[in-house]
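J.: what's the 3D shape of this:
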Amino acid sequence: MRKFTATVMVAAAAAIAVGGVLFGAGCAMGGSPGFYYDGDGIHVKERTAVPQREDHVQAYTKLSPVKNLDIRLENADLTIVQGEEWAVEYVLDGYRAEPEYRTENQTLTIREGEWRGENDWHIFSFGPSWWRDESAQSASPYVKITIPKDGTLEQVMLENEYGDIFVEKKLLAKEVSIYAECGAVEMGDWEGDSLLVEEAYGCFTAGRLKGESLIISSESGEVKTGALFVKNADFQMEYGDLSATVEECARVEVENE
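T.: Predicted coordinates for the structure are as follows:
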């Protein structure tokens, strides 16, 4: 049994050595080490055309007043600013599918698309991803929404996986829900009924917060707010620091592991 195991080990080592020699020879002759496999077989760089993709661009576009925001992004940064009119613009990564963008029933909806072929483009890949032309990707994908100074909203849903969220104007919105996985969330003042913020690994900073209910949940990042004028404030922390200025609150509850 030991002799058989030794034989197998020697054969494996020899195969690895031969494979290394062939791999080096292939690269020296101009071959590419990467490949991917899908339903059509194995694809190598020398015999596969790299698809050219352009970013998805929405130039500055004036909007009719909206009451709700439903924005769900993956990589792009989201910025909400104050301006003279309602407007939207974005530049999103061309390697992702066409984004969903519509205004319907006084709701502005934007969804950043999945990676192209995320489900059926390739089954298995190895080595450098030469089939993704990095030069075609947006260096800084973003979505920018402009709201007038006195513009008010009913429901606001902001969700971002890896991008940051910046709310640079005072947000007048009854119900606000913000979900962020790895990016930072920075907002100015808010006034409304309820504000819910769920952060995983980013930091949350805010200005003056006024409303009925405030719930902030954070796993690892720092939470820092300005003056709190809320009836009920709940902070659920795991590993980050909390700093808040309590002005007028009927109840403040803090959990920090």
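J.: what ranges do the strands span in the stretch 151-257 of the chain?
T.: 152-160, 165-167, 171-180, 185-187, 190-191, 194-199, 204-205, 209-218, 223-237, 242-256 (DSSP state E, counting those that start in this stretch).
J.: so for the fourth one, what's the average pLDDT?
T.: By that I understand strand 185-187. With pLDDT averaged residue by residue, strand 185-187 scores 97.
J.: pairing partners for that strand, with directions?
T.: With DSSP bridges as the criterion, the sheet partners recorded for strand 185-187 are strand 165-167 (parallel), strand 204-205 (parallel).
J.: any chance of those in JSON lines, plus mean neighbour count?
T.: C-beta here means a position set from N, CA and C on the backbone, and glycine is covered the same way. Output for the strands paired with strand 185-187, formatted as JSON lines (neighbours: other C-beta atoms under 10 Å):
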{"stretch": "strand 165-167", "mean neighbour count": "23"}
{"stretch": "strand 204-205", "mean neighbour count": "20"}
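J.: in JSON lines: those strands, plus distance to Glu198 and mean pLDDT.
T.: Shown next, in JSON lines, are these (distance: least, C-beta to C-beta, whole Å; pLDDT from 0 to 100):
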{"stretch": "strand 165-167", "distance to Glu198": "12", "mean pLDDT": "97"}
{"stretch": "strand 204-205", "distance to Glu198": "10", "mean pLDDT": "96"}
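J.: out of those strands, nearest to Lys231?
T.: Ranking these by distance to Lys231, with C-beta to C-beta as the measure, places strand 204-205 first at 20.2 Å.
J.: show me how far stretch 191-204 is from its chain's centre.
T.: In terms of C-alpha atoms, centre = their mean, to the nearest Å, the centre of stretch 191-204 is set 16 Å apart from its chain centre.
J.: with stretch 91-105 instead?
T.: Averaged C-alpha coordinates place stretch 91-105 at 14 Å from its chain's average position (C-alpha atoms, centre = their mean).
J.: buried set for it?
T.: Taking 16 or more other C-beta atoms under 10 Å as the basis for neighbour counts, the residues of stretch 91-105 that come out buried are 91-97, 99, 101, 103.
J.: distance to Cys182 added to the strands paired with strand 185-187, as CSV?
T.: Conversion of these to CSV gives the following (distance: least, C-beta to C-beta, whole Å):
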stretch, distance to Cys182
strand 165-167, 11
strand 204-205, 13
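J.: helices - which of the buried residues of stretch 91-105 land there?
T.: Secondary structure defined by DSSP state H assigns none of the buried residues of stretch 91-105 to helices.
J.: min pLDDT across the residues you listed, which one?
T.: Tyr95 (78).
J.: ok, it touching Trp115?
T.: Yes - the criterion here is C-beta atoms under 8 Å, and Tyr95 meets it with Trp115 at 6.3 Å.
J.: ok, back up a step: okay, the strands of the stretch 151-257 of the chain in JSON lines with distance to Val10 next?
T.: Compiled in JSON lines, the strands of the stretch 151-257 of the chain are given as follows (distance: least, C-beta to C-beta, whole Å):
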{"stretch": "strand 152-160", "distance to Val10": "53"}
{"stretch": "strand 165-167", "distance to Val10": "58"}
{"stretch": "strand 171-180", "distance to Val10": "54"}
{"stretch": "strand 185-187", "distance to Val10": "58"}
{"stretch": "strand 190-191", "distance to Val10": "69"}
{"stretch": "strand 194-199", "distance to Val10": "54"}
{"stretch": "strand 204-205", "distance to Val10": "58"}
{"stretch": "strand 209-218", "distance to Val10": "55"}
{"stretch": "strand 223-237", "distance to Val10": "57"}
{"stretch": "strand 242-256", "distance to Val10": "58"}
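J.: before I go, just wanted to say thanks for your time.
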